[in-house]
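Q: Pasting the sequence and the predicted coordinates here, then a few questions.
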Amino acid sequence: MKRLSLLVALLGVVCMSPALSHAFDYTGQWRGTITQSVNECKNLGKGVPGDYMLTFIQKGDEFVGMENSVKRPYKGAVNPSRPQFVHLVGSYVATGGYVTETVDLEFLTETTGTGKSVWRWSNDFFSCGGNFTFTLEKVQP
């Protein structure tokens, strides 16, 4: 009888684990609103405060995000031990140089979240960068 009680208690703990939130699929259209921005690059319009439409595609732990207007993919993964966190990396050519960017997302619910970006522009002689924070709201599945 003690073994059965222990087994029932163990199953209860497993069923209540955070892995249940991994069932969320964040695929869809989202509105990202930049709330705070630092830009050390004078002629690079990166991280301008305002609203941006984003597309997220999730397949298991693989995750792709992109801004709808420029369609540059940022690739990354859902953190398996903390599935509400996603880390993305992207790079692209811009204004005679390259931008590299890391984006960290935290989904608070299935339809809301926050994020932060740290980015750097370089042309192999000069470099500058910045960062911004934003909120997320799902607008379409």
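A: Happy to help now that I have it.
Q: where's Phe56, which helix or strand?
A: Per DSSP states H and E: Phe56 is located in strand 50-59.
Q: and that strand, what does it pack onto?
A: Secondary-structure packing of strand 50-59 (3 or more CB pairs under 8 Å, 6 or more residues apart in numbering; DSSP states H and E): strand 28-39, strand 62-67. The C-beta positions use only the backbone N, C-alpha and C, and glycine is treated the same way.
Q: avg pLDDT for it?
A: Computed over strand 50-59, the mean pLDDT rounds to 95.
Q: And for stretch 124-141?
A: The average pLDDT for stretch 124-141 rounds to 93.
Q: in the longest strand along the chain, what's buried?
A: If you go by DSSP state E, the chain has its longest strand at strand 127-140. By neighbour count with 16 or more other CB atoms under 10 Å, strand 127-140 contains the buried residues 128-136, 138.
Q: Output the contacting helices and strands for that strand.
A: Using 3+ CB pairs under 8 Å, 6+ apart, strand 127-140 sits against strand 28-39, strand 97-107, strand 112-122.
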